[in-house]
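Engineer: Turn this into a model:
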Amino acid sequence: MKHTLLATTALVAMTGAAAAEITISGTARIGMVTTEGAAAVTGSTTYNPITQLMEDTLDTIGANVAVVAGAGETALLAVDLDTTLTSAEYVAAVLAIDDVINDLENSDGTTAALGLVGNNHIASLNAIKASLRTVVETTAKAKDTTVGKNRVRISFAGSGTTDGGLTYGFSARADHSNTSTGGSQYISGAFGKISMGDLNGGDEQLVGNLSGVGSSGAGSHQEFGYQSSSHNIGYSVSMAGVSFAATTDLVRGADATATGSNSAMGVKWAGDMGGATVGIALGTSKIGTVTEDSMSASVSMGGLSIMAVSHSNDNGPVGTDVDEVEGTTTVTYALGSTGAANLDTDTTGLSISYAMDAMSVTAYTRTESTSGVADKDYSGVGFTYNMGGATLKAGFVDANDISIMDFGVNFSF
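Structural biologist: The predicted model follows:
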């Protein structure tokens, strides 16, 4: 089949420039994605254990407010610590706490005497009530959905070289119409390369992602959530098989309300070992108070390519539990933490691809692990067949027990 390349190249004469070149290329796709609806959920009610903080809060309230020293404390203190409530104990505790709240709100002069402190006590008692029970609502299975996926993207790129040997250039694109997005510019020389615009973080540039499947990515679950993905200025340099990249976001740096750091960097070695191309990369970023570390290892030989990626995100500092905060005129008893638990999240993944003439096959798996939360697992398998300018692509993904099927044809011009 005849293939026509829709690209143009222009040589532009510029003062102080040896040569400049502009190219235009395009991509498009048509296809469909079918996503399985979420499974039905059977409702349940769990009656939770009594914690030491609950008992301490009740003791403190009872010691400060005579009207509370009664049913509210008795109902909960009668239950052993860390013992899951029975439904009858839960009902008795809630009724007793409601009686105490009612006394605080309506007793003879108590509310007027307590003022804001009394309102804080009521808030703490309501927080205890809410913590005693976990309810999961019943939901029906969501319907499966099938949607069309089509896109046209025109890409523009320019490059040039000055008489002094500096290289400069840009990239930009238009999606569907004349809306330009994804632009960046650079200048490079013996000192390295300085880039500005819509950039990935230095860690993502060098550590990378797994190989995906499907015409439109089937949800793109092969990608890792790099927190540095919206940086707008970066520096990179390569020598003797070692590459280094560092990026930041100047817009955020101008925000007076922003706190903490806003930087990312990565380093990668790539070379030949026994006929195989091997790469090892390390990356790190700190956005605000959240630190993320990443690493990858890759090997390719013949038509076989293997990629392994690992991420660790500390999600920021852990909040501190406080059971009493004293003020000049009030005393507040806080049941919970002053901040989110911010548990660390570790993500690991592996992808394998094998190319055979015009056909290639890809499979990947990725797991997200957070302490105290069930692991999330993603896996996919797919194939591509190059017909010369048009590529047939299909993929199937299990996205944490939700099935996704992605099929279509991708074009390049």
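
Engineer: where do the helices sit along the stretch 51-200 of the chain?
Structural biologist: For the stretch 51-200 of the chain, helices defined by DSSP state H, counting those that start in this stretch occupy the ranges 52-64, 71-77, 87-106, 110-114, 116-131.

Engineer: do you know which of those helices lies nearest Ser25?
Structural biologist: helix 116-131 (57.3 Å; Cβ to Cβ). Where C-beta positions appear, they are placed from N, C-alpha and C, glycine not excepted.

Engineer: List the buried residues for that closest one?
Structural biologist: Residues of helix 116-131 classed as buried by neighbour count (16 or more other Cβ atoms under 10 Å): Val117, Gly118, Asn120, His121, Ile122, Ser124, Leu125, Ile128, Ser131.

Engineer: Counting neighbours, what do you get for Gly165?
Structural biologist: If you count neighbours by other Cβ atoms under 10 Å, Gly165 ends up with 9.

Engineer: mind showing which ranges of the stretch 101-250 of the chain have poor pLDDT?
Structural biologist: For the stretch 101-250 of the chain, applying pLDDT under 70 flags the ranges 106-117, 176-182.

Engineer: That one: strands as residue ranges?
Structural biologist: Secondary structure of the stretch 101-250 of the chain, counting by DSSP state E, counting those that start in this stretch: strands at 133-136, 145-162, 167-175, 179-189, 192-199, 231-239, 242-248.

Engineer: ranking these by burial, who's on top?
Structural biologist: Stretch with highest mean neighbour count among the strands of the stretch 101-250 of the chain: strand 242-248 (a mean of 20; mean count of other Cβ atoms under 10 Å).

Engineer: I'd like the buried residues of helix 116-131 written out as TSV, with distance to Gly214 added.
Structural biologist: Shown next, in TSV, are those (distance: Cβ to Cβ, whole Å):
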residue	distance to Gly214
Val117	59
Gly118	59
Asn120	54
His121	56
Ile122	54
Ser124	51
Leu125	52
Ile128	49
Ser131	43
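
Engineer: Indicate which one of the strands of the stretch 101-250 of the chain is closest to Ser261.
Structural biologist: strand 242-248 (8.8 Å).

Engineer: what packs against that closest one?
Structural biologist: helix 202-207, strand 231-239, strand 261-273 (3 or more Cβ pairs under 8 Å, 6 or more residues apart in numbering; DSSP states H and E).

Engineer: Enumerate residues external to that strand that contact any of its residues.
Structural biologist: Under the criterion Cβ atoms under 8 Å, 6 or more residues apart in numbering, residues 199-203, 205-206, 228, 231, 233-238, 262-270 lie in contact with strand 242-248.

Engineer: Quick check: bridge partners of Phe156?
Structural biologist: For Phe156, the beta-bridge partners are Ile24, Ala172 (DSSP bridges).

Engineer: so it touches Gly169, yeah?
Structural biologist: No. Between Phe156 and Gly169 there is no contact under Cβ atoms under 8 Å: 10.7 Å.

Engineer: between the strands of the stretch 101-250 of the chain, which gets nearest to Val381?
Structural biologist: Evaluated with Cβ to Cβ, those place strand 145-162 nearest to Val381, the distance being 18.8 Å.

Engineer: Show me what that closest one is packed against.
Structural biologist: Helices and strands touching strand 145-162, by 3+ Cβ pairs under 8 Å, 6+ apart, are strand 17-35, strand 167-175.

Engineer: The ones you listed: which one's closest to Thr362?
Structural biologist: Of all these, the one in closest proximity to Thr362, counting by Cβ to Cβ, is strand 17-35 (16.5 Å).

Engineer: chain center to the closest one, what's the gap?
Structural biologist: A distance of 27 Å separates the centroid of the chain from that of strand 17-35, by Cα atoms, centre = their mean, to the nearest Å.

Engineer: quick one: buried residues of the helix or strand following it?
Structural biologist: For strand 17-35, the succeeding helix or strand toward the C-terminus, using DSSP states H and E, is strand 44-47. Residues Tyr47 are the ones in strand 44-47 that count as buried (16+ other Cβ under 10 Å).

Engineer: Just the CA trace of strand 44-47, in CSV.
Structural biologist: Below are the C-alpha coordinates for strand 44-47, written out as CSV (Å, rounded to 0.1, in the frame of the first residue of the first chain):
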residue,chain,number,x,y,z
SER,A,44,-22.1,-4.5,56.4
THR,A,45,-21.8,-2.9,59.8
THR,A,46,-18.7,-3.3,62.0
TYR,A,47,-18.7,-2.3,65.7
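
Engineer: Could you list the paired strands of the helix or strand that contains Thr362 along with their orientation?
Structural biologist: Following DSSP H and E, the helix or strand that holds Thr362 is strand 359-370. Note on strand 359-370: by DSSP bridges, its sheet partners are strand 345-356 (antiparallel), strand 373-386 (antiparallel).

Engineer: who wins for proximity to Asp99 among those strands?
Structural biologist: Nearest to Asp99 among the strands paired with strand 359-370 is strand 373-386; the distance by Cβ to Cβ comes to 36.5 Å.

Engineer: Skip ahead from the closest one and say which helix or strand is next.
Structural biologist: strand 390-399.

Engineer: what about that following strand, distance to the chain center?
Structural biologist: Distance, centroid of strand 390-399 to centroid of chain: 23 Å (Cα atoms, centre = their mean).

Engineer: Check stretch 303-319 too.
Structural biologist: From the chain centre to the centre of stretch 303-319 is a distance of 11 Å (Cα atoms, centre = their mean).
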